[in-house]
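Chemist: From the sequence below, what's the structure:
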Amino acid sequence: MVTGDHGIRTRLEDPDFSGGVINEYSFHVPLLVFAPSALSSRRDIPWITSHIGLSPTILDLLGVAWGRDWEQGSPIGDHRLSSRTTFFWANHYLGADGFCASGRYAMWNHVSDAVYASDHPHFDTNSSLVTDPRDRDAVIRTINRMVALQETWTRRMPIDDSPPTPSAVAAR
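Modeler: Now for the predicted structure:
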């Protein structure tokens, strides 16, 4: 597997970079999964994927089924991802969060409190500002609900760093 963890996010990486927006420059990264024993031919994935899908992808390609009860994400080849809402988290780095749902992109700039919508994953000052209060609130509510879900998931996730014992492995 070859990938990057993120695109350009700072002016140290690109002096012409302008933050505060969600765009492909910061989020679109190369990904190559090479598994000649598992796949018979090249397969391009036409939908948005996420790094959260890398572990499930590798485990599926290796045929691993054990120990995946708490797995997050889905293998990147799962066609159901084409209709999934995918979030772009960048508030702490770029001052904005966004998501893609049903082929439409939305972004909330937390600094200016402006909400934008677009048909493609790029926002700038020329992007369509969402002015309808219902649409604006829906974008903010969607982002806030996912943040709340992440926080709840994190609080409730069991943390057990100890290696499994032979008896625990046999019980599974």
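Chemist: so how far is residue 69 from residue 157?
Modeler: Here residue 157 is placed at a distance of 12 Å from residue 69 (CB to CB, to the nearest Å). In this view, the C-beta of every residue, glycine as well, is placed from N, C-alpha and C.
Chemist: Have a look at those two and say which one is more surrounded.
Modeler: Shown here are residue 157 and residue 69; by other CB atoms under 10 Å, residue 157 has more neighbours (9 against 6).
Chemist: Look at the nearest residue to the more buried one once chain neighbours are set aside and tell me its secondary structure.
Modeler: The shortest distance from residue 157 to any non-neighbouring residue, by CB to CB, 6 or more residues apart in numbering, is to residue 70 (7.2 Å). Under DSSP: H, G, I helix; E, B strand; the rest coil, residue 70 falls in the coil class.
Chemist: distance of residue 70 from residue 54?
Modeler: Using CB to CB, one obtains 16 Å as the distance from residue 70 to residue 54.
Chemist: Settle this for me: the residue nearest to residue 157 is touching residue 159, isn't it.
Modeler: No: using CB atoms under 8 Å, residue 70 is not in contact with residue 159, being 10.6 Å away.
Chemist: low pLDDT regions in this protein?
Modeler: Where the chain drops to pLDDT under 70, the residues are 125, 160-172.
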